[in-house]
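A.B. asks: no FASTA, just this:
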């Protein structure tokens, strides 16, 4: 079996080092699946992976891709059959037309999920889920505050919070995003500026947010800490501002703020298989029911790889950039 694969033989500028090339796949062995990729998102982590700036470096040449949705063509693993739709919970290099992988690296998902939404199920929805479940004792009606609310994780957090009966304060760096985020279920959308803390206190009164989701860092993260309730928790999973956290002592001494970090890959590696399946089953059910969705700006064919790579690195997009392998 020949796979049409995005490969890179050296680290560098992604448009220059990533290219399509045919590769011969190995035969499917016991415990493995041969799958045909349907859709794969181009995530910032994938770009960093190609640049050589990610947390792990592959042996070269390599294929990027941490997420994707695929159809099983051949199964030599119990519990999987040809025609099943799967996603990947371990890196297998999803930017290629076909993949042979260990079945334990995949999860079966409902066949009725659109491939584009299924392809984005692994990272953003699970990150939002963990933020809302693993770090604070939240009850219906409680407030959660997040920055970068128009990001993929931000969109998911709004929708999952709504399912849990939580209320969200969503901060953004530019005007014009309120209607979009309120359509996802956001309670309040505020500019992430010097007036943020005052506005949060006006909205929440004595019931200040117990939890903050931080994807930006820098001054934005400090404003979140100021807006949190005493003994609140801030969970950092990104650093869009590229500025480290420099935490004033007062937030630790007088407010008792807890600072936590989340990398969803670490959670998947440490969690029991049953827990992982339970989380993704719930997320998949919400997708099927139309209660959880992520914006897609455009899907590109593999022949449009360079254009897709360029667009995925540009700001102010209306949604994710995907590769369509169908």
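C.D. replies: Nice, thanks for sending it over. As the structure is a prediction and not an experimental result, all values here were calculated from the model.

A.B. asks: tally of neighbours for residue 260?
C.D. replies: Residue 260 sits with 15 neighbouring residues when counted by other CB atoms under 10 Å. The way it works is simple: take the backbone N, C-alpha and C, and place the C-beta from them, glycine included.

A.B. asks: contacting residues around residue 223?
C.D. replies: 171, 192, 196-197 (CB atoms under 8 Å, 6 or more residues apart in numbering).

A.B. asks: Which members of the residues you listed are positioned in helices?
C.D. replies: Among the contacts of residue 223, the residues falling in helices (DSSP state H) are 196-197.

A.B. asks: Could you identify which of the contacts of residue 223 has the most neighbours?
C.D. replies: Highest neighbour count within the contacts of residue 223, by other CB under 10 Å: residue 171, with 26 neighbours.

A.B. asks: Test of understanding: give the bridge partners of that residue.
C.D. replies: Beta bridges link residue 171 to residue 190, judged by DSSP bridges.

A.B. asks: Tell me who's in contact with it.
C.D. replies: 145-149, 189-192, 196, 220, 223.

A.B. asks: Over to residue 245?
C.D. replies: 217-218, 221-222, 236, 259 are the contacts of residue 245 under CB under 8 Å, 6+ apart.

A.B. asks: So it belongs to a strand, correct?
C.D. replies: No. Residue 245: not assigned to a strand; according to DSSP: H, G, I helix; E, B strand; the rest coil it is coil.

A.B. asks: Distance check, it against residue 132.
C.D. replies: Note on residue 245: its distance to residue 132, by CB to CB, to the nearest Å, is 21 Å.

A.B. asks: Grab the most central residue of this protein for me.
C.D. replies: Most central in the chain under CA atoms, centre = their mean is residue 124, positioned 2.2 Å from the mean C-alpha point.

A.B. asks: so how far is residue 45 from that residue?
C.D. replies: Taking CB to CB, one finds residue 124 at 11 Å from residue 45.

A.B. asks: can you list contacts of the helix or strand where residue 131 lies?
C.D. replies: Using DSSP states H and E, residue 131 sits within helix 124-134. Contacts with helix 124-134, where a contact means CB under 8 Å, 6+ apart, come from 138, 144, 151-153, 155-157, 160-161, 164, 166, 211, 213, 235, 237, 262, 264, 267-268, 279-280, 282-283, 287, 292, 294.

A.B. asks: before we move on, the earlier item: of the contacts of residue 171, buried ones?
C.D. replies: Neighbour-count burial (16 or more other CB atoms under 10 Å) is assigned, among the contacts of residue 171, to 145-149, 189-190, 192, 196, 220, 223.

A.B. asks: mind putting the residues you listed in CSV, distance to residue 314 included?
C.D. replies: Listed next are the buried ones among the contacts of residue 171 as CSV, based on distance: CB to CB, whole Å:
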residue, distance to residue 314
145, 27
146, 23
147, 20
148, 16
149, 19
189, 23
190, 25
192, 21
196, 27
220, 21
223, 26
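
A.B. asks: Among the residues you listed, which are located in strands?
C.D. replies: Those of these mapping onto strands are 145-146, 189-190, per DSSP state E.

A.B. asks: what about residue 250, neighbour count?
C.D. replies: The burial count for residue 250: 11, using other CB under 10 Å.

A.B. asks: Would you state the predicted confidence (pLDDT) at it?
C.D. replies: The per-residue pLDDT reported for residue 250 equals 92.

A.B. asks: Please determine how far it is located from residue 225.
C.D. replies: Residue 250 sits 9 Å away from residue 225, going by CB to CB.

A.B. asks: cool, residue 212 as well?
C.D. replies: Using CB to CB, residue 212 is found at 7 Å from residue 225.

A.B. asks: Name the residue most distant from the centre of this structure?
C.D. replies: Farthest-out residue of the chain from its mean C-alpha position, per CA atoms, centre = their mean: residue 254, at 33.4 Å.

A.B. asks: re earlier: if you drop the residues flanking it in sequence, what lies closest to the residue nearest to the centre of the chain?
C.D. replies: Nearest in space to residue 124, with sequence neighbours left out and distances taken as CB to CB, 6 or more residues apart in numbering, is residue 152 at 3.9 Å.

A.B. asks: need the strands for the stretch 1-150 of the chain, in chain order.
C.D. replies: Ranges of strands in the stretch 1-150 of the chain, per DSSP state E, counting those that start in this stretch, are 2-8, 18-24, 32-41, 69-75, 85-88, 98-102, 106-109, 143-146.

A.B. asks: any chance of these in a markdown table, plus mean pLDDT and distance to residue 179?
C.D. replies: Rendered in a markdown table, the data for the strands of the stretch 1-150 of the chain read as follows (pLDDT from 0 to 100; distance: least, CB to CB, whole Å):
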| stretch | mean pLDDT | distance to residue 179 |
| --- | --- | --- |
| strand 2-8 | 97 | 36 |
| strand 18-24 | 96 | 36 |
| strand 32-41 | 98 | 24 |
| strand 69-75 | 98 | 29 |
| strand 85-88 | 98 | 31 |
| strand 98-102 | 98 | 39 |
| strand 106-109 | 96 | 31 |
| strand 143-146 | 98 | 18 |
